[in-house]
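Trainee: Dropping a prediction and its sequence here:
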Amino acid sequence: MIVPDTNWRPELPKSPQSKYKALAQTIREAIANGQLPPGTKLPPVRVLADTVSVTPGTVARAYALLIDENRLEAGVGRGTFVSSRGAKHALLSGPPLNDTLRSRDPLKANLLSPKMPDLGQADLIKRGLDHMARTMTMTDLLNYPTQQTDIAAREAQFQLLEDAQIGAYSLDDIVCTHGGQNAIVMILQTVLQSTSAKIAVDELNYGGFRSAALVSRAAVVGIPWDQDGPIPAAFEHAIRENNIQVFCTSSEVTNPIVGGFAIPRRHEIAAIAERYGVHIIDDDCYRMMKVTPKGPSYRALLPNLGWVVTSPSKSISASLRIGFAVAPQGWSSALARSATFHSFGVSRMVTDLFAYIMRQPELPEILSAIQARIDRDIGAAVAILSDYKLNHSAGVPFLFLALPDTWRAGEFCQTAAEQGVLVKSAEEFSLRDGPQHHAVRIAINGQITHEQFVASIEKLRYLLDHPQQEVAV
């Protein structure tokens, strides 16, 4: 029996896990305890999103996860229903045991986040670990790290930054962190001056900026964009009205829209920031993928207020948890103090490993091979999606696809997931009170084959060409 609709109105519990996972667990429990019997039609994505105060993209991901578990089933134009198969599952605290196997299914293309292909760097990391095991002394292995023990890593990063157009800097201006995200948090906690402080982000922005603001107890304000970057008048108005102390952005590669700031616009934004004493954190984590700087970073334009964040996670390996923050003039001691108070420094086993990897003569060839693989996938996507607006750039492992009027982002992501392709809605990169963008970000997953990636993009092309009601699932 198909129930035409349901009055089920869940309450999303407070949980440390992702909102879509918490919602999925709430639905699992409702199925198990009989609140949602087999055949029950669940609320439409937007209706449930409004009910539990999350984005439609969050609901779409929860539905897609449960469809993959066979707890729900969906048909475009009909809605989403409790599956008779799903009712047979016992109440679980998480996904079924075979989910690990499902995640390896080659028919499932996870294009949610960039993943580096292994083209030699895994072996390089293994060799580095073996080298450290043979050469580290007992003292090296037992003591806390210091600013002396991470010198080799900072020297390696110093050389990497030589062509980055970040202005004058010394070795002491570079501070080791536990990845780029940790660097952002440490900078915020170094410069924010009151409990009512707010930070600014781009209208569509990297979610890590919002997470860093959350743990720093700072509110977030979005800055609207045009084709050249943040709109100067809107930026100045936001500063004056909201006590903004920091602007978190990426002048070269803006996630998710790919493109960076036009050079004249950087100068305009820098002039406004200097006028009001606003710090700018410039996230530059794609530096090692030979992304040639289009112009000066905010650190070069704002010697006393500009910060640079970088890490090897987008080029070598996400598991190599090291990053670097480059402080503006007069701030290196304060940043080093924050690093010490946070964790007493980055383990020598990480800093020495990074330094070892950077010294290996085959590293440039490995990085070139990784970039070539990324660019091959990008080239295929550009050719397949040639009739649609697609932002892309060489060496940048994601694309930003504007959707036609026949699709909304949440529904497109859900339907793509039903077809075995996982992509992120633009809603996941926007503030809750920000404008809607009917677009999706497609990440390059180097851990699936090029042929699997091409097949996934062809599925997305089919969906783009056919209005939602025409797609057979």
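Mentor: Done, it's in.

Trainee: Contact partners for residue 447?
Mentor: Listed by CB atoms under 8 Å, 6 or more residues apart in numbering, the contact partners of residue 447 are 115-118. Glycine gets a C-beta too; all of them are placed from N, C-alpha and C.

Trainee: could you redo the last one with a cut-off of 7 Å?
Mentor: By CB atoms under 7 Å, 6 or more residues apart in numbering, the contact set of residue 447 is 115, 117.

Trainee: How about the secondary structure of it?
Mentor: Using DSSP: H, G, I helix; E, B strand; the rest coil, the structure places residue 447 in coil.

Trainee: and the gap between it and residue 293?
Mentor: From residue 447 across to residue 293, the span is 29 Å (CB to CB, to the nearest Å).

Trainee: How many residues are close by residue 149?
Mentor: The tally of other residues near residue 149 (other CB atoms under 10 Å) stands at 18.

Trainee: no no, residue 284
Mentor: For residue 284, the count of nearby residues is 27 (other CB under 10 Å).

Trainee: wait, it sits on residue 310?
Mentor: Yes. Using CB atoms under 7 Å, residue 284 is in contact with residue 310, at 4.9 Å.

Trainee: Please parse this structure into its domains.
Mentor: Using automatic domain parsing, the domains assigned to the chain come out as 19-103, 121-359, 363-470.

Trainee: can the ones you listed go into TSV with extra columns for distance to residue 9 and mean pLDDT?
Mentor: What follows is those, written out as TSV (distance: least, CB to CB, whole Å; pLDDT from 0 to 100):
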stretch	distance to residue 9	mean pLDDT
domain 19-103	6	73
domain 121-359	27	93
domain 363-470	19	92
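
Trainee: Out of those domains, the one nearest residue 109 is which?
Mentor: In terms of CB to CB, the element of these nearest to residue 109 is domain 363-470, at 3.8 Å.

Trainee: can I get the domains of the chain in JSON lines with distance to residue 12?
Mentor: JSON lines is the format used below for those (distance: least, CB to CB, whole Å):
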{"stretch": "domain 19-103", "distance to residue 12": "4"}
{"stretch": "domain 121-359", "distance to residue 12": "17"}
{"stretch": "domain 363-470", "distance to residue 12": "14"}
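
Trainee: among the ones you listed, which is nearest residue 10?
Mentor: domain 19-103 (5.0 Å).

Trainee: for residue 457, what are its contacts?
Mentor: Applying CB under 7 Å, 6+ apart, we find residue 457 in contact with 380-381, 384-385.

Trainee: Quick check: buried residues in stretch 9-23?
Mentor: Buried residues in stretch 9-23, counted by 16 or more other CB atoms under 10 Å: 10, 12, 19-23.

Trainee: typo on my end, stretch 214-232
Mentor: Neighbour-count burial for stretch 214-232 flags 216, 218, 220-223, 225, 228-232 (criterion: 16+ other CB under 10 Å).

Trainee: roughly how far is that stretch from the heart of the chain?
Mentor: The chain centroid and the centroid of stretch 214-232 are separated by 16 Å under CA atoms, centre = their mean, to the nearest Å.

Trainee: what residues does it touch?
Mentor: Here stretch 214-232 makes contact (CB under 7 Å, 6+ apart) with 185, 188-189, 192, 195, 197-203, 210, 213, 234-235, 238, 242, 244, 261-262, 265, 268-269, 272, 431, 434.

Trainee: returning to that earlier point: closest one to residue 41 out of the buried residues of stretch 214-232, please.
Mentor: Residue 41 lies nearest to residue 222 out of the buried residues of stretch 214-232, by CB to CB, at 34.9 Å.

Trainee: and that closest one, bridged to which residues?
Mentor: On the basis of DSSP bridges, residue 222 takes part in beta bridges with residue 201.

Trainee: State the distance from it to residue 281.
Mentor: Shown here: residue 222 relative to residue 281, a distance of 16 Å by CB to CB.

Trainee: Angles on the backbone of residue 396, please.
Mentor: Backbone geometry at residue 396, expressed as degrees, to the nearest 10, gives phi -100, psi 120.

Trainee: The strand or helix carrying residue 459: which residues count as buried?
Mentor: Per DSSP states H and E, residue 459 falls inside helix 450-465. Under the neighbour-count criterion of 16+ other CB under 10 Å, helix 450-465 has 453-457, 459-461, 463-464 buried.

Trainee: for the stretch 51-200 of the chain, what spans make up the strands?
Mentor: For the stretch 51-200 of the chain, strands defined by DSSP state E, counting those that start in this stretch occupy the ranges 72-75, 79-82, 109-110, 174-177, 198-202.

Trainee: deepest of the ones you listed, which one?
Mentor: Burial of the strands of the stretch 51-200 of the chain is given as mean neighbour count (mean count of other CB atoms under 10 Å); strand 174-177 ranks first at a mean of 27.

Trainee: Give the other helices and strands that it contacts.
Mentor: Judged by 3 or more CB pairs under 7 Å, 6 or more residues apart in numbering; DSSP states H and E, strand 174-177 is in contact with helix 151-160, strand 323-326, helix 332-343.

Trainee: partners of the shortest one in the sheet?
Mentor: Going back to what we said before, that points to strand 323-326. Strand 323-326 has its sheet partners listed here by DSSP bridges as strand 174-177 (antiparallel), strand 306-310 (antiparallel).

Trainee: Kindly reformat those as a markdown table containing distance to residue 351.
Mentor: As requested, the strands paired with strand 323-326 are exported to a markdown table (distance: least, CB to CB, whole Å):
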| stretch | distance to residue 351 |
| --- | --- |
| strand 174-177 | 6 |
| strand 306-310 | 15 |
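
Trainee: and residue 341, which of those is closest to it?
Mentor: Ranking these by proximity to residue 341 (CB to CB) places strand 174-177 first, at 12.2 Å.

Trainee: ok, which stretches of the stretch 251-400 of the chain are helices?
Mentor: For the stretch 251-400 of the chain, helices defined by DSSP state H, counting those that start in this stretch occupy the ranges 263-276, 298-301, 332-343, 348-359, 363-384.
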